[in-house]
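Participant: my questions concern the predicted model and sequence given below.
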Amino acid sequence: MNESSKVLGIDPGSRKTGYGLIMFNQKPILIKAGTIETKGDHNDRLKSIFYELKKIIEEHRPDVIAIEKVFVHKNADSALKLGQARAAALSASFNLDLPIFEYAAKVIKKAVVGSGNADKSQVQHMIKILFALKDAPKPDTADALAVALCHSNQSSSKYFENN
């Protein structure tokens, strides 16, 4: 990944899916971020995730997708719905054949906050600081930006290790 690549970070969820599009050029630059809040039955929610992310991807043409890995919930039904939301989000990028990278929640938190056990408010606070935002973003938006930053950090360190 070169330094000015655009990374779309995604924090999937069936009710709220966060997204954060960044570019890293000596410092992180926020291009667009938000939370897709879905309504209706589960199928309607999946359609919303797919179509909203498809619009963002087609408009902004990221170079790579970074997404949080699904973790096993106590409830199998919740894990299945989360997996379906993740699939809807990723499917939105398939027509551009973008590379997709997955990161565990602990890896993301460690990359952004310094601790894999950080809570959502700590992630929000660090995202506010790193992007010099007036207010902390919503939790799902902050998590998506954290995924994108994690990928940028991982890619940069691999680049420097190999050169």
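Facilitator: In hand now; what should we look at? Numbers count the residues shown, from 1 in each chain.

Participant: what's the average pLDDT for the longest helix along the chain?
Facilitator: Determined from DSSP state H, the single longest helix within the chain is helix 139-162. Taken as a whole, helix 139-162 has a mean pLDDT of 78.

Participant: also stretch 21-36?
Facilitator: Throughout stretch 21-36, pLDDT has a mean value of 92.

Participant: stretch 56-73: how far from the chain's middle?
Facilitator: Here stretch 56-73 is found 5 Å from its chain centre; the criterion is C-alpha atoms, centre = their mean, to the nearest Å.

Participant: any buried residues in it, and which?
Facilitator: Residues Ile56, Ile57, Pro62, Val64, Ile65, Ala66, Ile67, Glu68, Val70 are the ones in stretch 56-73 that count as buried (16 or more other C-beta atoms under 10 Å). The C-beta positions use only the backbone N, C-alpha and C, and glycine is treated the same way.

Participant: mind picking out the helix or strand in the chain with the poorest mean pLDDT?
Facilitator: helix 139-162 (a mean of 78; mean pLDDT, DSSP states H and E).

Participant: buried stuff in that helix?
Facilitator: 139-155.

Participant: can you give me the helices for the protein?
Facilitator: Along the chain, the segments classed as helices by DSSP H run 42-60, 76-91, 105-112, 120-130, 139-162.

Participant: relative to helix 105-112, how tilted is the longest one?
Facilitator: Between the direction of helix 139-162 and that of helix 105-112, the angle (axes from the mean of the first three to the mean of the last three C-alpha atoms, to 10 degrees) works out to 70 degrees.

Participant: just checking, what packs against helix 139-162?
Facilitator: Here helix 139-162 touches strand 6-11, strand 16-25, strand 27-37, strand 64-68, strand 100-103, helix 105-112, helix 120-130, going by 3 or more C-beta pairs under 8 Å, 6 or more residues apart in numbering; DSSP states H and E.

Participant: try it again with 6 Å
Facilitator: strand 6-11, strand 16-25, strand 27-37, strand 64-68, helix 105-112, helix 120-130 (3 or more C-beta pairs under 6 Å, 6 or more residues apart in numbering; DSSP states H and E).

Participant: elements contacting the last one?
Facilitator: What it means is helix 120-130. helix 139-162.

Participant: now swap in the third one and tell me
Facilitator: Applying 3+ C-beta pairs under 6 Å, 6+ apart, one finds that strand 27-37 makes contact with strand 16-25, helix 139-162.
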